[in-house]
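S.K.: Got a sequence here, can you build the structure:
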Amino acid sequence: MGREVASNEKRSFSDQRYRTLTGPLRWIFILFSISGVFLSIYQLFHFEFLGVLVGNAYYYLLIALFLPLLFLISPRSKKLIDRPVPWYDFLFSVLSFIAPFYFFLNSYSIIQEGWEIIPPTRIFVLGLILMIMVLEAARRAGGLPFALICLFFATYTLYAQYMPGLMEGYGVDLKRLVGFFSMGTEGVVGLPMKVIGNILIGYMVFAVALQSAGGGKFFLDLASSFFGGMRGGPAKMAVIASAFFGSISGSAISNVLTTGSVTIPAMKRIGYPPHYAGAIEATASTGGVLMPPVMGVTAFVMAEFLEIPYHVICIAAVVPSLLYYSALFFPIDAYAAKVGLKGLSRDEIPAARETMIGGWFYVCVLLFLIWALLYWHWEILAPFWASLFLLIACNIRKETRLTLNKFFLFFESVGKVLAELVAMLCAIGIIIGALSLTGVAHSFSTEMVALAKGNLILLLLLGALTSFILGMGMTITACYVFLALILAPALIKSGLHPLAVHLYIMYWGMVSYITPPVALAAYAGAGLAGADPMKTGFKAMQLGIVSYFVPFFFVMNPAIILHGSAYNILVSIPLLFISVIVISYSLEGFIPTFGYVPMGLRIGFFLSGLCLGFPFLQIRIPGMVLFIICLVFGIVVWKRKRNSFNKVGHAQDVNN
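M.R.: From the prediction side, this is the model:
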């Protein structure tokens, strides 16, 4: 199995999504990528030997270095993935370099001459070019639905004053619009781009460094050594490995492609149906968006929105992420026990001791990153230091030693990841700018409160539904940004904890990755499993059904995100884990050791688990009483079945 992982290690950031560059074009790509990373190090470590970058100069230069790369690696259609770079993609690359580079060179003039408000003709043309390039790059990186939503908001201010009801807003002409979006503080170089430039770039470098140094193989082997031999071992391996990998990548799709290439064939081999195997991997990988210390892009944007340190969000996400994986782990275990699935054979499982000896430095680097985040509060610098220590440590062993070729492959992977992120987050900046410029965000928030008529549960359901629908056509980050502007204020005004509200919004956007009809993670899993995408998506939704309750639990009880009194935290967290386990087994209808659960008891356990999850005493107490009653009845039923079975067995022995 180790060889299988190693072979897939080279495809970690999926070649299938990118055009293969060769010759001078590849070296230009790598040069731009190296320049972008070292530019961020220069800026974030406050070096000054080449001068100081002021205003938005740093962000424009980052765009000029990474946005052109997307047009080189991402064709206008996936059908053209194997063809050479066409002339128009060269043109787009040049244009997407010239426009932001010109703004970088003239960053003083943007501020001093007010180009944002009244752009001269040449500046207007360059700004328009930049906007068009960003929107086309967003289409290639995020898909057509995402690009159409961005285009709608990019042009919204031209006709906002003519829109009816909630959609009515302030309108501006094309020249003012282009100036605002291309040079304003709430456009292309707005909050999302600042997140990339100031904090996210370091974590993406670390994620790629860990993967390039063999971290993916190590975490897979570690999960296999502890869980591979259990019943349904490969499925449990998928859950644990995806949690590990998600904690350092934060990307659902790359998580599926990396861990799924090993776990899905192993699951199929021991008896899991293809669609079931794909669904398990998809559901497990989606949780990586919520898993500290390196959560998804959205968590970094959230830190900027709430103006709190990133490590505060990491701490808050620990319990919700563990609840998510618990809600997946227990049904998988119940299914394996019900069907009688075995684990991997002994010769397929790597020895835990040998695995740790070969990869101890991966754990040390990850612990260093967590320590630097929580105790030194190095949100910005920690991932760069962790990457440096990792690249030094991996040279200790011959198998993981950094060669010159690996060094260039590393920066090639970094360039691919950051090119996509720059494209999508620049486009999300336009959405934020449109909502701000038109004033629609405030009116939406006010109307949401009015529509719910003070009913908190209804407001939460409206928010979940809106986030869920938007998540079908937008990236998690775009969905989060939109709702953070129009929905979060309404929920916070209702008395909910701000951080819990923002995690709630992010969580529902994340769940769209496993919910049909879009279910991007499920479709990726289906592709690896050779299964029907829709069937895989519905199975992923079924597996993740318990996780749909989790955001309601923590948004109404901040103790779950470790905010509140010590007593409330110590009581709420164990109760919530019991709630998740009880709901999981009731939905599966089977408890290992006890066997099948009668329908009446299943309903009782489900309702009791649901009641235990809510923070209200008047709901918890009846839930606890119902749980105890169901448990007593369950034990009685189980004992009767066992005695009946023993009597039958004894009678057969006597007859024989």
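S.K.: shaky segments in the stretch 551-656 of the chain?
M.R.: 643-656 (pLDDT under 70).
S.K.: those helices in it, which residues are they?
M.R.: 566-588, 599-613, 617-655 (DSSP state H, counting those that start in this stretch).
S.K.: Could you export those helices to TSV, including columns for distance to residue 465 and mean neighbour count?
M.R.: Any C-beta I mention is one placed from the backbone N, CA and C, and that applies to glycine too. Output for the helices of the stretch 551-656 of the chain, formatted as TSV (distance: least, C-beta to C-beta, whole Å; neighbours: other C-beta atoms under 10 Å):
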stretch	distance to residue 465	mean neighbour count
helix 566-588	21	20
helix 599-613	19	20
helix 617-655	23	12
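S.K.: which stretch among those helices comes nearest residue 40?
M.R.: helix 566-588 (37.3 Å; C-beta to C-beta).
S.K.: Can you check the pLDDT for the closest residue to residue 176 other than its chain neighbours?
M.R.: Ranked by C-beta to C-beta, 6 or more residues apart in numbering and with sequence neighbours excluded, the top spatial neighbour of residue 176 is residue 117, at 7.2 Å. As predicted, residue 117 sits at a pLDDT of 84.
S.K.: A strand includes residue 117, no?
M.R.: No - counting by DSSP: H, G, I helix; E, B strand; the rest coil, residue 117 is not found in a strand; it is coil.
S.K.: Now do it: how many residues are near it, please.
M.R.: 12 (other C-beta atoms under 10 Å).
S.K.: is it true that it touches residue 178?
M.R.: No - the pair residue 117 / residue 178 is not scored as a contact, 11.4 Å apart, by C-beta atoms under 8 Å.
S.K.: Find the centremost residue of the protein, please.
M.R.: Taking C-alpha atoms, centre = their mean, the centroid of the chain lies closest to residue 289, which sits 2.7 Å from it.
S.K.: How about the secondary structure of it?
M.R.: helix.
S.K.: Could you report the separation of it from residue 510?
M.R.: Going from residue 289 to residue 510 by C-beta to C-beta, to the nearest Å gives 5 Å.
S.K.: what's in contact with stretch 257-271?
M.R.: 1, 4-5, 8, 11-12, 14, 211, 216, 220, 228, 232-235, 237-238, 241-242, 245, 249, 274, 276-278, 280-282, 284-285, 339, 341-344, 348, 524-525, 528-529 (C-beta atoms under 8 Å, 6 or more residues apart in numbering).
S.K.: mind listing what's buried in that stretch?
M.R.: For stretch 257-271, a neighbour-count test (16 or more other C-beta atoms under 10 Å) marks 257-268, 270 as buried.
S.K.: OK, contacts around the closest residue to residue 267 other than its chain neighbours?
M.R.: Spatially, and ignoring its direct neighbours in sequence, residue 267 is nearest to residue 277 (3.8 Å; C-beta to C-beta, 6+ apart). Residue 277 sits next to 235, 263, 264, 267, 268, 525, 529, 531 when contact means C-beta under 8 Å, 6+ apart.
S.K.: Just the mean pLDDT for the strand or helix carrying the fourth one, thanks.
M.R.: When elements are defined using DSSP states H and E, residue 267 is found to belong to helix 252-270. The predicted model assigns helix 252-270 a mean pLDDT of 86.
S.K.: Give me the next element, helix or strand, following that helix.
M.R.: Assignment by DSSP H and E places the next element after helix 252-270 at helix 274-286.
S.K.: how big is the angle separating that following helix from helix 252-270?
M.R.: Between the axes of helix 274-286 and helix 252-270, defined by axes from the mean of the first three to the mean of the last three C-alpha atoms, to 10 degrees, the angle is 140 degrees.
S.K.: got the CA coordinates for helix 274-286 in PDB?
M.R.: What follows is helix 274-286, C-alpha atoms only, in PDB (Å, rounded to 0.1, in the frame of the first residue of the first chain):
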ATOM      1  CA  PRO A 274     -18.500   1.900  -5.000                       C
ATOM      2  CA  HIS A 275     -21.000   4.700  -4.300                       C
ATOM      3  CA  TYR A 276     -20.700   4.100  -0.600                       C
ATOM      4  CA  ALA A 277     -16.900   4.200  -0.700                       C
ATOM      5  CA  GLY A 278     -16.900   7.500  -2.700                       C
ATOM      6  CA  ALA A 279     -19.500   9.000  -0.300                       C
ATOM      7  CA  ILE A 280     -17.400   8.100   2.800                       C
ATOM      8  CA  GLU A 281     -14.300   9.800   1.400                       C
ATOM      9  CA  ALA A 282     -16.300  12.900   0.200                       C
ATOM     10  CA  THR A 283     -18.000  13.400   3.600                       C
ATOM     11  CA  ALA A 284     -14.700  12.900   5.500                       C
ATOM     12  CA  SER A 285     -12.800  15.200   3.200                       C
ATOM     13  CA  THR A 286     -15.400  18.000   3.500                       C
END
